[in-house]
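Trainee: one predicted model, sequence on top.
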Amino acid sequence: MNIKDLEIIANLRSDARMPLTAMSRRTNIPVSTLFDKLRAYKGNVFLRHTTLIDFEKLGFHARANVMLRVDRDAREEVREYLSKHKNINTVFKINNGYDFMFESVFPNIKDLEDFLWLLDQKFKILNREVYYIVEDVKKECFMSEPGLAESYLNQ
């Protein structure tokens with residue numbers, strides 16, 4: 001990755017719908033080069049294109065980050081269950097005494113608590129910590145400021 005690559009990524013992170021002509025003016029990179037770079041990034045640097053959502057405006061008022069330590073024999077089954085569950089936004093495999101951390105999104109706290117109770121019943125959960133999300137302070141902002149692209153190389 002060079003500075004131009006990071007500039008392209010930062011511009012897309014700040015506005016993924018930016019026309020290539022506008023990005024070309026901002027970065028001084030020809031549109032044809034931008035097009036080629038974006039095609040090369042697809043499936044490699046870019047895992048997928050998505051939209052950030054304000055879940056509360058859609059009626060999902062209960063979010064929590066949950067950390068689980070699971071019986072060794074159930075880890076793969078729990079991983080698959082969490083990965084496929086419709087109310088789980090993100091799943092991470094972690095360390096330091098836990099196996100997984102996930103972000104859950106539910107209409108209300110009762111539904112979230114029912115899910116956690118069911119999880120305990122379905123799998124051998126050895127330890128669980130739940131952190132309810134009160135407010136998003138900063139979300140998906142890393143590498144989203146085009147003017148700072150060079151600073152990411154110098155870390």
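Mentor: In hand now; what should we look at?
Trainee: ok, Ser14 - contacts?
Mentor: Contact analysis of Ser14 by Cβ atoms under 8 Å, 6 or more residues apart in numbering lists 144-146. For every residue, glycine as well, the C-beta is placed using N, CA and C.
Trainee: highest neighbour count among the residues you listed?
Mentor: Within those, neighbour counts (other Cβ atoms under 10 Å) peak at Pro146, which reaches 19 neighbours.
Trainee: what's it sitting at in phi/psi?
Mentor: Dihedral pair for Pro146: phi -50, psi -40, per degrees, to the nearest 10.
Trainee: likewise Ala22?
Mentor: Ala22 adopts backbone torsions of phi -70, psi -40, taken as degrees, to the nearest 10.
Trainee: and stretch 96-110, average pLDDT?
Mentor: For stretch 96-110, mean pLDDT is 97.
Trainee: in it, what's buried?
Mentor: Across stretch 96-110, burial judged by 16 or more other Cβ atoms under 10 Å covers 98-106.
Trainee: what of stretch 34-51?
Mentor: Neighbour counts over stretch 34-51 (16+ other Cβ under 10 Å) mark 34, 37-38 as buried.
Trainee: need these in TSV (columns: distance to Leu6 and secondary structure).
Mentor: Shown next, in TSV, are the buried residues of stretch 34-51 (distance: Cβ to Cβ, whole Å; DSSP: H, G, I helix; E, B strand; the rest coil):
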residue	distance to Leu6	secondary structure
Leu34	14	helix
Lys37	11	helix
Leu38	14	helix
